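Peer 1: Quick one, what's the 3D model for this:
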Amino acid sequence: MSAFQTSCGKSETVLMIGDPYIEIVYGEKWNARQPLFLLGTRLSGYRVEYRLADRENTLVDILENLDNPVDIVVLSPWNADSIAKLPSSSTKFIVAGGLYDSISNHDVVSLIPDRTSIMRKFGSIASKISSDKEKPAIAIFDAGTESQLEEIDVLVNAFGSDGELIVKNINGKEYRDLPSEFREVFEEAAVLLLFAGLANYQAVEASEDQLLPVLTESLGASKVWEYRIIASVEDDSKALNKAILKVLKTDNSNGVVYYAARLQKGDLYEQFSR
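Peer 2: Numbers count the residues shown, from 1 in each chain. Sure, this is the predicted structure:
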């Protein structure tokens, strides 16, 4: 029987599960290799171990083959779906940077970036651009969770009545084929607001001829299309670290914990935010 399955009591070990996507986005070993995070966890009485999960070595494989039991597992949303495949245990799971909404018998805490204040700012900027150019702002979302749908409401309210805002949620059945029609949809747009994951890249490419300015998400250190970016809402690794440490110190936390997102200004920010 694995150490994971027989775990009982506090082991004082935090296992950080990285994945190839996280390694690319952050350009380094995820939180487990950040000195301040290591110091914080050690001062809280925990040891930190790190494993990389990929197609050859899944979360289930890693936990079933541990030499010693762990008290807490911290993982990204891209590995969170594997939690439901695990046997029941006393191990706490912290999903860092996204919502875990599957049904399971495990103690799971989701750490979610609070993007509402930045979405409010984006709505105001887009409204001014639309009004000045007398063309619509087009917002593309892939929103299915309560927090994602709330972001749409925040954006719409901040946009107000000046200008015209068109919102399309590709998570909805009627817009699932929209990416194949982006070029036609964007023909008369003044500005794009893109919060649809991988579809963001399709949207930017489809509007390259018009060189439409863009408000978007999760560009990180990427320089792709920097000449078109007004701003991007980003995960804040420092705020995430603090949220993880806070949850580590809380015995009874469960559900959802929010931490502040970060505004990353693009090349066009000063031009359009005045």
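Peer 1: Now do the longest helix anywhere in the chain, average pLDDT.
Peer 2: Counting by DSSP state H, the longest helix found in the chain is helix 116-133. The average pLDDT for helix 116-133 rounds to 98.
Peer 1: before we move on, what about stretch 60-67?
Peer 2: Here stretch 60-67 scores 92 as its mean pLDDT.
Peer 1: again, but for stretch 180-199
Peer 2: In the prediction, stretch 180-199 has an average pLDDT of 94.
Peer 1: got the contact list for it?
Peer 2: The contact list for stretch 180-199, computed with Cβ atoms under 8 Å, 6 or more residues apart in numbering, reads 122, 126, 129-130, 132-143, 151, 155, 163, 168, 170, 178-179, 200, 202-204, 206-207, 210, 212-217, 230, 233, 272. Every C-beta, even on glycine, is put in place using the N, C-alpha and C of the backbone.
Peer 1: Show me the strands in this structure, by range?
Peer 2: 13-18, 47-52, 72-75, 92-96, 107-114, 137-141, 165-169, 191-195, 214-217, 229-234, 255-260, 262-265 (DSSP state E).
Peer 1: Could you export those strands as CSV, including mean neighbour count and distance to residue 58?
Peer 2: Converted to CSV, these look like this (neighbours: other Cβ atoms under 10 Å; distance: least, Cβ to Cβ, whole Å):
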stretch, mean neighbour count, distance to residue 58
strand 13-18, 24, 10
strand 47-52, 16, 10
strand 72-75, 26, 11
strand 92-96, 24, 15
strand 107-114, 20, 17
strand 137-141, 26, 30
strand 165-169, 17, 31
strand 191-195, 25, 29
strand 214-217, 25, 27
strand 229-234, 23, 28
strand 255-260, 16, 25
strand 262-265, 16, 31
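Peer 1: how about CSV for those, with distance to residue 61 added?
Peer 2: As requested, the strands of the chain are exported to CSV (distance: least, Cβ to Cβ, whole Å):
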stretch, distance to residue 61
strand 13-18, 11
strand 47-52, 9
strand 72-75, 13
strand 92-96, 16
strand 107-114, 20
strand 137-141, 35
strand 165-169, 36
strand 191-195, 33
strand 214-217, 31
strand 229-234, 31
strand 255-260, 28
strand 262-265, 34
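Peer 1: Out of the ones you listed, which gets nearest to residue 242?
Peer 2: Taking Cβ to Cβ, strand 255-260 is the member of the strands of the chain nearest to residue 242, at 6.9 Å.
Peer 1: Now that closest one: average pLDDT?
Peer 2: 92.
Peer 1: which secondary structure elements does that strand contact?
Peer 2: strand 107-114, helix 237-248 (3 or more Cβ pairs under 8 Å, 6 or more residues apart in numbering; DSSP states H and E).
Peer 1: quick one: contacts of it?
Peer 2: So strand 255-260 is in contact with 99, 109-114, 117, 147, 236, 239-240, 242-243, 246-247, going by Cβ under 8 Å, 6+ apart.
Peer 1: Give me the angle between that strand and strand 92-96.
Peer 2: 30 degrees (axes from the mean of the first three to the mean of the last three Cα atoms, to 10 degrees).
Peer 1: when you give positions from now on, start the count at 156
Peer 2: Taking 156 as the first residue, the last one we looked at is strand 410-415.
Peer 1: what distance separates strand 410-415 from the centre of its chain?
Peer 2: Chain-centre distance of strand 410-415: 12 Å, with Cα atoms, centre = their mean, to the nearest Å.
Peer 1: same deal with stretch 346-360?
Peer 2: With Cα atoms, centre = their mean, you get 15 Å for stretch 346-360.
Peer 1: C-alpha coordinates for that stretch, CSV please?
Peer 2: Output of stretch 346-360 as CSV, limited to C-alpha atoms (Å, rounded to 0.1, in the frame of the first residue of the first chain):
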residue,chain,number,x,y,z
VAL,A,346,-10.8,47.3,-29.6
LEU,A,347,-10.7,43.6,-28.5
LEU,A,348,-11.0,42.3,-25.0
LEU,A,349,-9.8,38.7,-25.0
PHE,A,350,-10.3,36.4,-22.1
ALA,A,351,-10.9,33.0,-23.8
GLY,A,352,-7.7,31.0,-23.1
LEU,A,353,-6.1,29.5,-26.2
ALA,A,354,-8.8,31.2,-28.4
ASN,A,355,-7.1,34.5,-27.5
TYR,A,356,-4.2,33.7,-29.9
GLN,A,357,-6.7,32.8,-32.7
ALA,A,358,-8.4,36.2,-32.1
VAL,A,359,-5.2,38.2,-32.3
GLU,A,360,-4.1,36.5,-35.5
